[in-house]
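# Provided below for reference: sequence and predicted model.
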Amino acid sequence: MRQALRYMVILVAVVLTSGTAFSESGSSKPDAGKMPTDVPLLPAATGQAEKMTSQVMTDKLSNAVGTEYVIGAEDVLDITVWRNVDLSRQVQVRPDGRISMPIIRDVVAVGKTPTKLAEEMTNKLKEYVQNPVVAVTLKEVNSSNIFLLGEVAHPGKYPLKSRTTLLQGITMAGGFKETAARNQIVIFRFTETAPGMKRFTASYDDIVLRSGISDNFELKPGDTLVVPSESMVVFPGR
């Protein structure tokens with residue numbers, strides 16, 4: 001009887017010790033919220049993960065610039081084809097408005113947003129590549145420029161990379177010189193309905209000190225701003 005009781009005590013001690021070790025090792029079940037690293041993903045899960053990753057890349061790259069930006073001649077574009085380095089390129093839009101790409105060759109880029117161009121290139125590549133994902137990003141803006149002349153600190157050509165008002169454009173050129181006739185600003189703009197340019201004027205004092213806020217209009221690509229000197233205004237024609 002005493003021997004049997006001794007064996008029972010030893011057996012209970014062994015069971016308790018094994019249970020503690022088993023619990024501490026964590027092999028009974030994985031921790032909540034964690035996935036075992038040695039369990040491979042199923043094919044369906046892998047495909048879904050790749051699709052989600054490619055979609056994230058497309059959204060990120062295609063939206064690197066505003067959705068309203070329209071590609072112009074001489075702009076530099078990064079064309080990325082997901083998981084296909086040979087079809088990816090950095091290209092400059094030619095004066096004829098096209099870009100050259102492998103397989104699909106010449107593609108019209110001018111007049112389209114980066115997102116629209118990416119969609120068209122994706123459809124063209126479907127004939128040659130299985131499930132292509134194309135992303136278009138704007139590397140350099142060379143087509144949208146404004147020109148500032150006359151009595152500003154730094155006359156010249158400036159890129160129009162975002163929505164820019166008249167006062168912001170003058171600020172880009174360093175502001176007025178002391179001799180500037182700031183109330184006689186002249187703007188030349190290409191017209192869309194007829195050939196040639198339109199000429200109109202704006203006054204700095206009207207914009208800032210009076211109710212002429214509408215004169216602080218948004219500049220367009222190709223606009224030329226001329227700030228004359230006071231001597232030109234007082235003594236015209238000299």
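Nice, I can see it. Because the structure is a prediction, the values reported are computed rather than measured.
# Just give me the neighbour total for Q184.
By other CB atoms under 10 Å, 18 other residues sit near Q184. C-betas here are computed from N, CA, C, even on glycine.
# ok, it touching P228?
Yes. Counting by CB atoms under 8 Å, Q184 touches P228, with 5.5 Å between them.
# Break this protein down into its domains, please.
51-140, 145-234 (automatic domain parsing).
# could you point out which element follows the helix or strand of the chain with the lowest mean pLDDT?
The weakest-scoring helix or strand in the chain, judged by mean pLDDT, DSSP states H and E, is helix 43-62 (a mean of 43). Remark: after helix 43-62, the chain's next helix or strand is strand 76-81, criterion DSSP states H and E.
# Now tell me what touches the following helix or strand past that following strand from outside.
Using DSSP H and E, the helix or strand that directly follows strand 76-81 along the chain is strand 89-92. Applying CB atoms under 8 Å, 6 or more residues apart in numbering, the contact partners of strand 89-92 are 74-79, 99-102, 139, 142.
# Any chance of a markdown table for these, columns pLDDT?
Formatted as a markdown table, the contacts of strand 89-92 follow (pLDDT from 0 to 100):
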| residue | pLDDT |
| --- | --- |
| E74 | 91 |
| D75 | 93 |
| V76 | 95 |
| L77 | 96 |
| D78 | 96 |
| I79 | 96 |
| I99 | 96 |
| S100 | 94 |
| M101 | 94 |
| P102 | 93 |
| K139 | 91 |
| N142 | 87 |
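# out of the residues you listed, which are buried?
Buried members of the contacts of strand 89-92, scored by 16 or more other CB atoms under 10 Å, are 75, 77-79, 99, 101.
# what angle separates whichever strand or helix holds T137 from strand 76-81?
With secondary structure defined by DSSP H and E, T137 is part of strand 134-140. For strand 134-140 against strand 76-81, the angle by axes from the mean of the first three to the mean of the last three CA atoms, to 10 degrees is 160 degrees.
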